[in-house]
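K.L.:
structure, please.
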Amino acid sequence: FYPKKMKPNANIRLLIAGSHYQKERVTIPLHVLRLLLDRGINAYLDIAGPLKWMGAEEEVTSMVKQLRLTRFVDVSGAYSYRHSTHLYTQADIFLHMKYKDPCPNAVIEALACGLPVIGSNSGGMAELVGENAGILLPVEDRWDKMVYPSVEDTMEAVLDVVDDIDAYRVEARSRAEQQFTATKWVRQHAELFSELLRPIG
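P.N.:
Numbering: from 1, shown residues only. Next up is the predicted model:
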């Protein structure tokens, strides 16, 4: 996973990826896209990965039509690991709205490809994204239901990233290089296992 060579682009391409069991992972970005277009922002949304909630495909199709987004949304469905790098390198910003996600691989892969990440400040997201590789929006800490950032706050976060997107791209790649290399992963696990296997007494 490496960043693409950036070229000047008047459009902003948003990406959501993974297995979408919660509809808010998709419906919030769709509403955000509509608000961006209403503000005159040339924006597009790629929805990659299977839609898993009951009636998902019909609901998304209807919503895209109702919000007049047909020309601005690509729903590509399931994708292979090999194809995932193409998805990331075609995008500008990665949206991950899942609540209390412990350690989403897609977020790490997006960072490695230089994509700023926007999501909720819950679960393991803060540990992955850090302070400068994207924007994590505050949400209520609950265990009885899932909580999501508002459409408006998410849209404002997108605009903030767009205003300084080159710096965010650099920080995203830097975050991945510093925190999520295979070398560091192996070293940390070796240290952990050495500690666990140390004789007592």
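K.L.:
first-to-last residue distance for stretch 10-26?
P.N.:
24 Å (C-alpha to C-alpha, to the nearest Å).
K.L.:
ok, now stretch 140-151?
P.N.:
15 Å.
K.L.:
got the buried residues for that stretch?
P.N.:
Going by neighbour count (16 or more other C-beta atoms under 10 Å), the buried part of stretch 140-151 is 148, 149, 151. Yep, even glycine has a C-beta here, placed from its N, CA and C like the rest.
K.L.:
need the contact partners of that stretch.
P.N.:
Outside stretch 140-151, the residues within contact range by C-beta atoms under 8 Å, 6 or more residues apart in numbering are 22, 24, 28, 31-32, 35, 97, 99-100, 119-120, 122, 137-139, 157.
K.L.:
could you identify the most distant pair in those?
P.N.:
Spatial extent of the contacts of stretch 140-151 (C-beta to C-beta) is set by the pair 35 and 100 at 25.4 Å.
K.L.:
residue 124 is in contact with residue 98, isn't it?
P.N.:
No: under the criterion of C-beta atoms under 8 Å, residue 124 is not in contact with residue 98, lying 10.7 Å apart.
K.L.:
these two: which is more packed in?
P.N.:
When residue 124 and residue 98 are compared for neighbours, residue 98 comes out ahead with 23 against 13, by other C-beta atoms under 10 Å.
K.L.:
touching, that one and residue 25? I think so.
P.N.:
Yes: the pair residue 98 and residue 25 qualifies as a contact (C-beta under 8 Å) at a distance of 5.7 Å.
K.L.:
quick revisit: closest to residue 75 out of the buried residues of stretch 140-151?
P.N.:
Within the set of those, residue 151 lies nearest residue 75; the separation is 19.2 Å, counting by C-beta to C-beta.
K.L.:
where's the nearest residue to the closest one once chain neighbours are set aside relative to residue 148, distance?
P.N.:
Nearest residue to residue 151, sequence neighbours excluded (C-beta to C-beta, 6 or more residues apart in numbering): residue 31, at 4.3 Å. For residue 31, the distance to residue 148 (C-beta to C-beta, to the nearest Å) stands at 11 Å.
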